[in-house]
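**Q** can't give you the sequence, but here's the structure:
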Ligand code: GMT
């Protein structure tokens, strides 16, 4: 297992947990001496690091006038093949079956079968696209033809099997956080800008897509703030944002809610909060809850998808059925009014993030999978 590898990584490089995980993994692998080539349409937003083992190759899409739709997938496949040949890559690690695994398989056909393809499933490729008959055969093909497949929760593995009728082995590799970045930050001064000393801070971070049920976040906050002084921070933006701004105004909560937009230093922002809210309809893992956990901030959320694999109810957070905002609000109030309970849960969060979902452990798991896929165990 000694030989260092040359790995191409493709992900959605803009906002989103899958891009974060792919980028952080690449950075960790580079630190361990592997040569990492990010092959994406723009620079991964969390890359922010110069390292002799990290390369970035931009996928440029041809604007040729006969194309009604610029063929991004073909440009990606061709770039993957080019970089694989030029840099003698051992393996392509692609995040998302569609389109990335399909592009990687095409690149493999162009380059030769020595180039291996590892596909990581993150959720929406299965839970949303997998239900679409017009594309599910292609997803099944991409999964079955990959040399290795991983998924970020056991729930996602089960869903992949049942929705797509897949029987091949799929490795479970949970998401992780870098403990050197995600830890409780000293935010005393910053906190004064957001809340009075007697106010508690609730936070929600997402891409404001309907599956996140951001409207439930507002309902939970409305119930909580009737009972205790509290403020709500929203981080991120997306399709539901304007609806949520209107709802906050309609409920007369505007002076208690701050919309922070997109933020880079997520660990700092999360550390400001007392509780993270994640009432999602679907969530294959819920990376943001892990980021909160690592900063010692408990999550109250739904028991959708893989969330219960991350958060043990009543031990490292509180979970209720999707849409049960009464119970979620009750859990938040219980946490924020019982100091002893809060300390117990916050400590369990820190411990669990550090030992079960830590960067060293998960990075090693991926390395083992790479060597196995390459037949170099
Ligand atoms: O949640 C999203 O809408 C973004 C999506 C992504 O592409 O990052 O998140 C998915 O992958 C994350 C990283 O593995 C998981 O933590 C999220 O739970 C998963 N989202 C869904 O399953 C809805």
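**A** The structure has been received and is ready for your questions. This structure is a prediction, so every number in the text was calculated from the model and none was measured. Residues are numbered from 1 along each chain as shown.
**Q** switch to C-alpha atoms for all contacts and neighbour counts from now on
**A** OK.
**Q** number of nearby residues for residue 261?
**A** By other C-alpha atoms under 10 Å, the residues close to residue 261 number 13.
**Q** so the closest residue to it other than its chain neighbours versus residue 185, what's the distance?
**A** In space, residue 261 comes closest to residue 236 once its chain neighbours are excluded; the distance is 4.7 Å by C-alpha to C-alpha, 6 or more residues apart in numbering. Computed as C-alpha to C-alpha, to the nearest Å, the residue 236 to residue 185 distance reads 20 Å.
**Q** re the thing from before, surely the residue nearest to residue 261 and residue 258 touch.
**A** No. Residue 236 lies out of contact with residue 258 (C-alpha atoms under 8 Å); the separation is 11.4 Å.
**Q** contact partners of the longest helix along the chain?
**A** As assigned by DSSP state H, the longest helix anywhere in the chain is helix 339-355. Applying C-alpha atoms under 8 Å, 6 or more residues apart in numbering, the external contacts of helix 339-355 come out as 177, 179, 290, 293-298, 314-317, 335-336.
**Q** equivalent analysis for stretch 363-373, please.
**A** With C-alpha under 8 Å, 6+ apart, stretch 363-373 has contacts from 1, 25, 28, 29, 91, 116, 118, 147, 148, 173, 377.
**Q** list the buried residues in it.
**A** 363, 366, 367, 369, 370, 371, 373 (16 or more other C-alpha atoms under 10 Å).
**Q** what pLDDT, on average, does that stretch get?
**A** The predicted model assigns stretch 363-373 a mean pLDDT of 97.
**Q** against which helices or strands is the lowest-mean-pLDDT helix or strand in the chain packed?
**A** Lowest mean confidence among the helices and strands of the chain (mean pLDDT, DSSP states H and E): helix 124-127, at a mean of 77. Here helix 124-127 touches helix 154-164, going by 3 or more C-alpha pairs under 8 Å, 6 or more residues apart in numbering; DSSP states H and E.
**Q** pairing partners for the helix or strand following the helix it packs on, with directions?
**A** Per DSSP states H and E, helix 154-164 leads on to strand 171-172 as the next helix or strand towards the C-terminus. Strand pairing for strand 171-172, determined by DSSP bridges: strand 148-151 (parallel).
**Q** distance from the chain centre to the partner strand, please.
**A** 16 Å (C-alpha atoms, centre = their mean, to the nearest Å).
**Q** what does the chain put close to the ligand?
**A** Within reach of the ligand by C-alpha under 6 Å from any ligand atom, the chain has these residues: 16-19, 122-124, 152, 282-287.
**Q** redo those residues as TSV? Include neighbour count and secondary structure.
**A** Formatted as TSV, those follow (neighbours: other C-alpha atoms under 10 Å; DSSP: H, G, I helix; E, B strand; the rest coil):
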residue	neighbour count	secondary structure
16	14	coil
17	19	helix
18	22	helix
19	22	helix
122	25	coil
123	27	coil
124	16	helix
152	23	coil
282	22	coil
283	24	coil
284	24	coil
285	27	coil
286	24	coil
287	22	helix
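**Q** for residue 49, give me the pLDDT.
**A** pLDDT, read off for residue 49, is 69.
**Q** tell me where the stretch 251-377 of the chain has strands.
**A** Using DSSP state E, counting those that start in this stretch, the strands of the stretch 251-377 of the chain run over residues 257-259, 275-278, 299-302, 317-320.
**Q** each with direction, which strands does the third one pair with?
**A** Strand partners for strand 299-302, identified by DSSP bridges, are recorded as strand 275-278 (parallel), strand 317-320 (parallel).
**Q** and the two most separated of the contacts of stretch 363-373?
**A** Greatest spatial distance among these (C-alpha to C-alpha): 28 and 147, at 22.3 Å.
**Q** between those two, which has more neighbouring residues?
**A** Using other C-alpha under 10 Å as the criterion, residue 28 and residue 147 rank with residue 147 on top: 20 against 17.
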